[in-house]
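Asker: I'd like to go over a predicted model; first the sequence, then the structure.
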Protein chains: 2
Amino acid sequence: MSYKNFPMVPRVIFGRGSFNQLNEIIAPKRLNVNAPFVFLVDDVFKGNAWLTSRIPLSYDDRVIYISAKEEPKTGQVDSLVEDIILTSRQGTSGIIGIGGGTILDLAKAVAIMLTNEGEAKDYQGWDLVKNPAIYHVGIPTISGTGAEVSRTTVLTGPEMKLGINSDFTPFDQVVLDPELTKDVPTHQWFYTGMDCFIHCVESLNGTYLNAFSQSHGEKAFDLCKEIFLNNDLSVSESQDKLMMASWHGGMSIAYSQVGVAHAMSYGLSYLLGTKHGIGNCIVFDHLEEFYPEDVKLFKQMKKKHNIQLPKGICANLDDSQFDTMINISLSLEPLWENAIGKNWKKLITRDKLKSLYQKM
Amino acid sequence: MSYKNFPMVPRVIFGRGSFNQLNEIIAPKRLNVNAPFVFLVDDVFKGNAWLTSRIPLSYDDRVIYISAKEEPKTGQVDSLVEDIILTSRQGTSGIIGIGGGTILDLAKAVAIMLTNEGEAKDYQGWDLVKNPAIYHVGIPTISGTGAEVSRTTVLTGPEMKLGINSDFTPFDQVVLDPELTKDVPTHQWFYTGMDCFIHCVESLNGTYLNAFSQSHGEKAFDLCKEIFLNNDLSVSESQDKLMMASWHGGMSIAYSQVGVAHAMSYGLSYLLGTKHGIGNCIVFDHLEEFYPEDVKLFKQMKKKHNIQLPKGICANLDDSQFDTMINISLSLEPLWENAIGKNWKKLITRDKLKSLYQKM
């Protein structure tokens, strides 16, 4: 039996207002005055001086605003890398991602592709990256995805939605400032928070579970229940705790694997462009047979926060479209093996997946 | 407000039998064939082929067996460093500590002192280390101290018992193999496990607490209750969970601070050589006024496992001896500030500490 030697984020700063310390954190990492830091920032912050005035820009440092309306794509990574190489001929000191999972995953992928030849799609899979990434920093502004701790960056490519999973993927530094999440809209807060909840459910109910993943998963699960079902947290306590839930949830799956909801929502994302958080919710809502108690809890949370999930998103799909989703989903073998066990193929047939997708 | 940018252990492998993967983990870190790895191993394993036959020795690699009967000392670190430098003239590839907190702290300190001039006692305190340590690996064989994740290495020096706290202190790699704890004697298992429990109590009740420390502390606290008060865990589950409790407890105090029990037990250790785990237990047993509910839980655990703590260890001390302990204890200002708050000096007088020590 061979265990994974898991790469952890080697530096983490936690605290409300810790974003103000970004300059002192990154300054020692500057290679030279002609090698800029490139900040990839969610474009919801464009014109928001509260945040942008605190981005520490010196010399040729650049901010690139990116829309998180769509899932991150391999082609988008390749374009960003080309742009950065062309404008930073003496190298890049680092990539700093400021945003939710989409922006964080883009930051990780760009940092990898700046030192690895070819296109991002060539590295989708497990341990295909050859060279260490450049210095990269993750600063979440939405909590839940666990992108700040994971060793993957999930991208939609021409052929598949799949992560670049490698020891070089994790951030070198993470800044956890819960104050940055203060303006997240309620529905987005819910969908992304549920990504964390679903991570825990999938990890805790998976066959890959060990005491490392279990302890992190249980803590994140408990925090989610506290945040989404109780009434006795202040707004700032809730923000602080959700940021830690995301962290623990990420640690839990990092050392195990996700399960049915992720395997199926990747299909929705690939075909329909459904965003990851809401896609997971749409799928999870129909997974009583796999996670009965947890789906019940999820429905309680949904009700408490008046969340209306889209319905009938697969109503008008034709057979070839169902096939596309099913192919994407079935290709994620480690997720199914974790969820169901080594004999998962007996239970998870194409017909089974089709009938599930048809409910959504 | 300035938050600590906390250094995490960048690599961790978890699993029963993961110790077997040590060779593949350290081999890429060998500087050259003349730069040995030095294994510092608890001498309880001397002649224990089950463990020692799996220590991967090549070229000039050495095993140094060390007794953990006494607390680690600065002079001991200096002797080890001198010995290693004299016998490894072309450098040392790494230090691998295999043991409990004593051995792990020695491994961290030796790795630091191989690249920093002077004596270990010069670096006791906060952030005095100038150069990065050499590659060092921690492999706990007793769970509870959190030494595997902390940024300190606590040493007894000529003038004080105090940690070398620095960003260079944490291990570069930790191997968490719960199977290695299988032969720990019950009393040692209890004392070291209670070190973890007390870490959580002190962190969760401290004024330095934040959501990061709280989430780790709560998880470790819950695991301790499960391990020490419930009856429904198998032996191996209990070992796995205690190893994770130690991890989370260490993470909790790493981003906050310990409190009254540690501040007072350092005095006992310095004067009487009381080992850290049992010393914490002796002190904590008398701290109802600071941690009422948790001391009650501690007494339940003590009873359940038939632990008899030594009594009257301060019965025959003279005033100058009490003064020595009180001086050591009061010098640990961050611990008191965490436990009591900024005005701790009003409450924690010399008389107060003397009356507490007299009960022990």
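Answerer: All right, it came through fine. Residues are numbered from 1 along each chain as shown, chains lettered A, B, ... in the order given.
Asker: could you measure from the nearest residue to residue A:208 once chain neighbours are set aside over to residue A:204?
Answerer: Among residues not flanking residue A:208 along the chain, residue A:256 sits closest, at 4.1 Å (CB to CB, 6 or more residues apart in numbering or on different chains). Backbone N, C-alpha and C define where each C-beta goes, glycine included. Relative to residue A:204, residue A:256 is positioned 9 Å away (criterion: CB to CB, to the nearest Å).
Asker: so what sits against both of those two?
Answerer: A:213, A:217 (CB atoms under 8 Å, 6 or more residues apart in numbering or on different chains).
Asker: these two: which is more packed in?
Answerer: residue A:256 (25 against 20; other CB atoms under 10 Å in any protein chain shown).
Asker: what's the local residue count around the residue nearest to residue A:13 when sequence neighbours are not counted?
Answerer: Of all residues beyond its chain neighbours, the one nearest residue A:13 is residue B:5 (4.4 Å), with distances taken as CB to CB, 6+ apart. As a burial measure, residue B:5 scores 17 neighbours (other CB under 10 Å).
Asker: just residue A:258 next, same as before
Answerer: 26.
Asker: now it, what's its secondary structure?
Answerer: At residue A:258, secondary structure determined by DSSP: H, G, I helix; E, B strand; the rest coil is coil.
Asker: is the helix or strand that contains residue A:98 in proximity to chain B?
Answerer: According to DSSP states H and E, residue A:98 maps onto strand A:94-99. No. Under the criterion of CB under 8 Å from any CB of the partner chain, chain B is not reached by strand A:94-99; the shortest gap measures 14.6 Å.
Asker: just checking: what are the partner strands of that strand?
Answerer: strand A:37-42 (parallel), strand A:136-140 (parallel) (DSSP bridges).
Asker: mind giving me the packing neighbours of the next helix or strand after the shortest one?
Answerer: It refers to strand A:136-140. Heading C-terminal from strand A:136-140, the first helix or strand you meet, by DSSP H and E, is strand A:154-156. Where contact means 3 or more CB pairs under 8 Å, 6 or more residues apart in numbering or on different chains; DSSP states H and E, strand A:154-156 is packed against helix A:74-87, helix A:101-113, strand A:161-165.
Asker: can I get the ones you listed in CSV with mean neighbour count and distance to residue A:267?
Answerer: Formatted as CSV, the helices and strands packed on strand A:154-156 follow (neighbours: other CB atoms under 10 Å in any protein chain shown; distance: least, CB to CB, whole Å):
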stretch, mean neighbour count, distance to residue A:267
helix A:74-87, 17, 17
helix A:101-113, 29, 18
strand A:161-165, 24, 8
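Asker: take these and write them to CSV, including distance to residue B:220 and mean pLDDT.
Answerer: Formatted as CSV, those follow (distance: least, CB to CB, whole Å; pLDDT from 0 to 100):
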stretch, distance to residue B:220, mean pLDDT
helix A:74-87, 39, 97
helix A:101-113, 28, 98
strand A:161-165, 29, 92
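Asker: of all those, which lies closest to residue B:131?
Answerer: helix A:101-113 (27.5 Å; CB to CB).
Asker: the very next helix or strand once past that closest one pairs with which strands, parallel or anti?
Answerer: Moving toward the C-terminus from helix A:101-113, the next helix or strand (DSSP H and E) is strand A:125-126. Sheet pairing of strand A:125-126 (DSSP bridges) gives strand A:161-165 (parallel).
Asker: before we move on, back to that, tell me the pLDDT at the residue nearest to residue A:13?
Answerer: At residue B:5, the pLDDT value in this model is 96.
Asker: mind showing which ranges of chain A have poor pLDDT?
Answerer: Scanning chain A for pLDDT under 70 picks out the ranges A:1.
Asker: show me the domain layout of it.
Answerer: A:11-181, A:186-359 (automatic domain parsing).
Asker: reformat these as CSV; add distance to residue B:306.
Answerer: Formatted as CSV, these follow (distance: least, CB to CB, whole Å):
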stretch, distance to residue B:306
domain A:11-181, 40
domain A:186-359, 26
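Asker: contact partners of stretch A:332-349?
Answerer: A:162, A:202, A:205-208, A:256-260, A:262-263, A:266, A:290, A:330.
Asker: list the buried residues for it?
Answerer: Neighbour-count burial for stretch A:332-349 flags A:332, A:335, A:336, A:337, A:338, A:339, A:340, A:344, A:348 (criterion: 16 or more other CB atoms under 10 Å in any protein chain shown).
Asker: gap between the two ends of that stretch?
Answerer: 14 Å (CA to CA, to the nearest Å).
Asker: hang on, residue A:241 in a helix?
Answerer: Yes. Counting by three-state DSSP, residue A:241 is part of a helix.
Asker: distance check, it against chain B.
Answerer: Separation of residue A:241 from chain B (CB to the nearest CB, to the nearest Å) stands at 6 Å.
Asker: give me the nearest residue to that residue, chain neighbours excluded.
Answerer: Residue A:241 sits nearest to residue A:223 (CB to CB, 6+ apart), 5.1 Å away.
Asker: touching, the one you found and residue A:246? I think so.
Answerer: No. When contacts are counted by CB atoms under 8 Å, residue A:223 is not listed as touching residue A:246 (9.1 Å).
Asker: buried ones among the contacts of stretch A:332-349?
Answerer: Using 16+ other CB under 10 Å, the buried ones in these are A:162, A:202, A:205-206, A:208, A:256-260, A:262-263, A:266, A:290, A:330.
Asker: still on that earlier bit, residue B:216 is nearest to which of the helices and strands packed on strand A:154-156?
Answerer: That would be helix A:101-113 among the helices and strands packed on strand A:154-156, by CB to CB, at 22.1 Å.
Asker: show me what that closest one is packed against.
Answerer: strand A:37-42, strand A:62-66, helix A:74-87, strand A:94-99, strand A:136-140, strand A:154-156, strand A:161-165, helix A:276-284.
Asker: quick one, that helix and helix A:276-284 angle?
Answerer: 120 degrees (axes from the mean of the first three to the mean of the last three CA atoms, to 10 degrees).
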